[in-house]
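> Following is a predicted model, sequence given first.
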Amino acid sequence: MKFYESAPTLEAEQDLFEIDIKEFVAGNIDPTKFKAIRVAHGVYEQRQEETYMLRIRCAAGGITPEQLRKVAELGAKYGSGEVHFTTRQEVQIHNLLIDGVMPAIRGLNDVSLSSKGGGGNTIRNILTSPTSGIEENEVFDVDPYAVALTTRLINEDDSWNLPRKFKIAMSNGPSDTAFTQATCLGYVAKIQDGEKGFAVYCAGGMGARPMVGNLLFDFIPASRAYHVARALKTMFDKHGNRRSKNSNRIKFLWRKLKREEFVGYFEEEYNKIKADDSLDLVLPDMPNQANTSIKLVSESGSGNDYDVWKKRYVIAQKQAGLYSIKLPLRLGDLLEKDAQVLCDFLQEIGENTIRCDRAQNMRLRNIPEAYLGNAYKVIMGLEDTLVTYAPFVGNMINCTGAQTCKLGICLPRGLTQALRERFDNSTLNLDRLDDFRLNMSGCPNTCGMHHIAHLGFFGKIGRKDGDMYPAYNILVGARVGEEASDNVTQYGEKIGEIPSHYVPDFVHDFLQNYIEEMDEYTDYYAYLDDQGKDFINSWLEANKEVPSVTVDDKVYTDFGAKKRLSLEDMGTAECSAGMFDMINVDRKFVADITAELPESADKATSLYKLLFHATRMLLVTRGLDAKNETQAMELFAKHFVIGGLVDEKFGDVVTLGKLGMKEALPAHEAIIVELGATVTELYKSMDDSLRFKVKAKEEAGSLEKDFRGVACPMNFVKTKLTLDTMESGQQLQIKLDDGEAIQNVPGSVKLEGHSILKQEQDADGHWTLVIKKK
Amino acid sequence: MNLTEEQIERYSRHILLQDIGGPGQEKILNAKVLIIGAGGLGAPIALYLAAAGVGHIGIIDGDVVDLSNLQRQVIHFTPDLGKAKVESAKEKMQAINPDVKVTTYKDLIMASNARDMIKDYDFIVDGTDNFATKFLINDACVLEGKPYSHGGILRFDGQTFTHIPGEGCYRCIFDGPPPKDLIPTCSQAGVLGAIAGILGTIQAAEVLKFITGAGDLLTNRLMIFDAKKMKFREAKFKKRDNCPVCGVNPTVTELEDIEQAACDLKDA
């Protein structure tokens, strides 16, 4: 049994990839270019440089015991030895060195698994409801569709170079357990007039700018599942934005085009193929059944612990006599030796016995009743699971966070452990929270699915007296599937923010309140509206003080972190959302001090503080972090005054501040207040990637040109031609590619006698150059 | 005039030059140049000027392509044998750059037609190889107030200078043609094919420099090279008050055909 068939060209592509790896190791390929090559093969660099993670496709979350065993063995041989189950229903092996990447990938070929499309701008793993095919009240099993669609799409050449990643999910019914409105293309199983089919949603997605998917078809016959995917892929390929990494998902295309135009382009493609029956998927036979002859000796389970386990984790399937078992993993990890034991058991039962779910846990299926005792024994023998906890604990979702991810701010894995310890020391009846979704992400990206959580957290930077501490935004009340009255998914709303170290107590107290009150309400949402939100607000108000670092520095080091939070550890481009938080701290000070200035008893000190916060506010956008007031003003003078982002007239007060001449400041009150307003305006003019949209000292007749994607020397040729049309002293702003372009053009411009006023790289790697014509 | 995307790309290596740039290229595209002779010198001159995008090129030659031409007249190919040289040249020029307008004159330049022929052009290039015609071209250009590039090759040697109205001319160096038969023509003396390329491309460079104003021209300097030793040298000269054509009291005030050996009529 296989969950997909890789393309016949895969091994040849792997040969090419192997050459690329050798070239990279020899220093002949630029790391940025190599990144683009490797992520499409599912190879990610971890936060610790030169260690890699391999992400392996598991269509419909399915993997056979034989395949899982192989993955575990490869992980042990080339990586750190555990199989990691992700929130995207795949498996990963971690901590590979570059030499181990290729042998691991080739090892996967032996069991028909592939890492291709694990990352990059490709068709990603296709997800389904983890109980599809076995759930009592499902509409129908969508797994065969996901498997057939995967095979079809990964055999198409144009699936590997899309404008951005393309995610597909399929739910087996209206409860929408595959979260189809939070993905690029979602199918929900539906029967209409006795015919099998799907409601189709598209252009949803979470991430830092979440959008809920839109209904594209109320109903399509099941036979058209591929046609829709094909058309959307072609349409996305043609019209998607390939230029900006930050806004090129399908959801942004929808936002840009609006429904009518988006659907128009889609239908253009769909109408070409919709009548072509030869494109119908060939559905694989994936029976949910156990082997007919099982050689194990049936063991009967008994005792209180067994009963509790059975109640918590064992669910009867719609197939009579067969059971599904939830296996909660600690942080999604399954040790290699545990995988061996588990697979020994499952291989006896059958091939179709494992699904990955989105809570980083395993779901075993098709276990005959007679062997539940055997399963219990095997599972209890595993070294590292959460099977003795209430399911709520294992259902908590966290992204891998800053431990391995380059983007992370916080470490949700550490927080999850801390939460578990907090629950260990409490009397909460967590069994009452079976379906409660508590999801955590380490940054505004949504690997931890915080947008669809009942209680969600995503990492941010907090600041106290200039010192940074790990913190989280709190989201509440997301509704998915039938939780929403009209089946339209609603993402959670942000209700507050909290230092990372306060989260365990907060979660405990909130859940305690909810569990105590839940019987009074029809559902969680009614509780939230009536008193849950008030509870949260008053809890946060009561705990709003953060001790300064000299009093208690524990708060400044995240759970599971080895040292205090610092900017240096974060990826440069991706921590921009965290930067906004840092900026907001200063922005608030600037506003508050300015407002209180008329009544200030000590004008000199107030103005000095205002000057400090105003000068520090935007330093972070230049990758600068001032340790103290003097340094903030120094850096501001250099990068903002001399750099021309603010008027030169502010130079004098900044110098006074830099020299610590507080007493001299009241004479310049107006200009200091104006500086505060100016940097605040500058901040407002920035877009999400922290670029300045307006140029502070723009002269009349300035021009902007975009030469991204124009190769050397044509970019310089065009720059020259543009300058030819301009008057002496006018400014030209151009955008350039990274690499050869930025290495050559500025020098050539200077050789011709023009001046470069500004040269900076933006979040997506492109450069902006401001030239003053000679 | 705005350059098209295709032109920007085609002429990018000119535009990149600080002394030419977009405005310089536009001057080239607007220029009108007459090449006299579609032979050894005319071949590289015509090809490089067409490639450079000189907007309008006139080319004059009365001959047809002969097998003995192909050793150095690289604009003509073996299948062109028997074809008018100006037609053969035009085909190659337009193949190298369809932007260029080419006007052909299958004719000899004579006292009777010279001034008429040159008067509509910005710059004249001498690609002939006989003294009589060289003096005729000089006189015509001086009288019409046209700049021109002089060029001549023989055996392993070449010489060239650029005349600008008001500066030294050919007769400032040499009063008039040498006596008939004193100097062998190239059909008697031979010529190394590649030196036609050396000299012709120097002339083409002078044309482009003149059009764009880049650098210093070969005015009042006769450049002479000896390819056997591969040495280049310069002989400075000045505009002479007693020059027969550009002096204070000129004796040459109208054009006159000068008798010459029959084979001199053939191009270099």
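Received, thanks. Note that the structure is a prediction, hence the values are computed from the model and not measured. Residues are numbered from 1 along each chain as shown, chains lettered A, B, ... in the order given.
> and stretch B:31-38, which residues are buried?
Burial within stretch B:31-38, assessed by neighbour count using 16 or more other CB atoms under 10 Å in any protein chain shown, is assigned to B:31-38. Every C-beta, even on glycine, is put in place using the N, C-alpha and C of the backbone.
> Show me these that map onto helices.
Restricting these to those inside helices, with DSSP state H as the criterion, leaves an empty set.
> Can you narrow the residues you listed down to the ones near chain A?
Checking those against chain A by CB under 8 Å from any CB of the partner chain, not one of them is in range.
> how's chain A carved up into domains?
Structural domains of chain A, as assigned by automatic domain parsing, span the residue ranges A:1-120, A:122-286, A:304-388, A:394-556, A:575-684, A:703-772.
> ok, which residues in chain B are in contact with chain A?
Within chain B, the positions near chain A by CB under 8 Å from any CB are B:3, B:8-9, B:12, B:15-16, B:18, B:21-23.
> for the record, mean pLDDT for the host helix or strand of residue A:674?
In this structure, residue A:674 sits in helix A:669-684 according to DSSP states H and E. Rounded to a whole number, the mean pLDDT of helix A:669-684 is 89.
> next one: stretch A:248-260
Confidence over stretch A:248-260, taken as the mean pLDDT, stands at 89.
> residues of that stretch that come out buried?
Neighbour counts using 16+ other CB under 10 Å place A:248-254, A:257 of stretch A:248-260 among the buried residues.
> what residues does stretch A:130-140 touch?
A:60-61, A:89, A:129, A:141-143, A:170-174, A:177, A:189-191, A:196, A:286, A:288, A:315-319, A:322, A:324, A:355-358, A:363, A:365-366 (CB atoms under 8 Å, 6 or more residues apart in numbering or on different chains).
> Could you identify the longest helix within chain A?
Using DSSP H to define each element, chain A has its longest helix at helix A:250-273.
> Which strands or helices does the following helix or strand past that helix pack on?
If you walk from helix A:250-273 toward the C-terminus, the next helix or strand you reach (DSSP H and E) is helix A:304-313. Using 3 or more CB pairs under 8 Å, 6 or more residues apart in numbering or on different chains; DSSP states H and E as the contact definition, the elements that helix A:304-313 packs against are strand A:322-327, helix A:372-381.
> low-confidence ranges in the stretch 1-150 of chain B?
Along the stretch 1-150 of chain B, the model assigns pLDDT under 70 to residues B:1.
> As a check, name the ranges of all strands in it.
Per DSSP state E, counting those that start in this stretch, the stretch 1-150 of chain B carries strands over the ranges B:32-36, B:56-60, B:101-105, B:123-126, B:148-154.
> from the chain's centre, how far out does the fourth one sit?
Computed by CA atoms, centre = their mean, to the nearest Å, the separation of strand B:123-126 from the middle of its chain amounts to 5 Å.
> would you list every one of the helices in the stretch 151-268 of chain B?
In chain order, the stretch 151-268 of chain B shows helices spanning B:170-173, B:186-189, B:193-212, with DSSP state H, counting those that start in this stretch as the criterion.
> Which residue comes closest to residue A:525 once chain neighbours are left out?
Excluding the flanking residues, the one nearest residue A:525 by CB to CB, 6 or more residues apart in numbering or on different chains is residue A:477, at 6.1 Å.
> same check, this time on residue B:61
Once its chain neighbours are removed from consideration, residue B:61 has its nearest residue in residue B:38; the separation is 3.9 Å (CB to CB, 6+ apart).
> show me what contacts the residue positioned nearest the centre of chain B?
With distances taken as CA atoms, centre = their mean, residue B:125 lies nearest the centre of chain B, 2.5 Å away. Residue B:125 is in contact with B:33-36, B:41-42, B:45, B:148-149, B:151, B:203-204, B:207, counting by CB under 8 Å, 6+ apart.
> where's it relative to residue B:134, distance?
Separation of residue B:125 from residue B:134 (CB to CB, to the nearest Å): 12 Å.
> Then residue A:658?
With distances taken as CB to CB, residue A:658 is found 76 Å from residue B:134.
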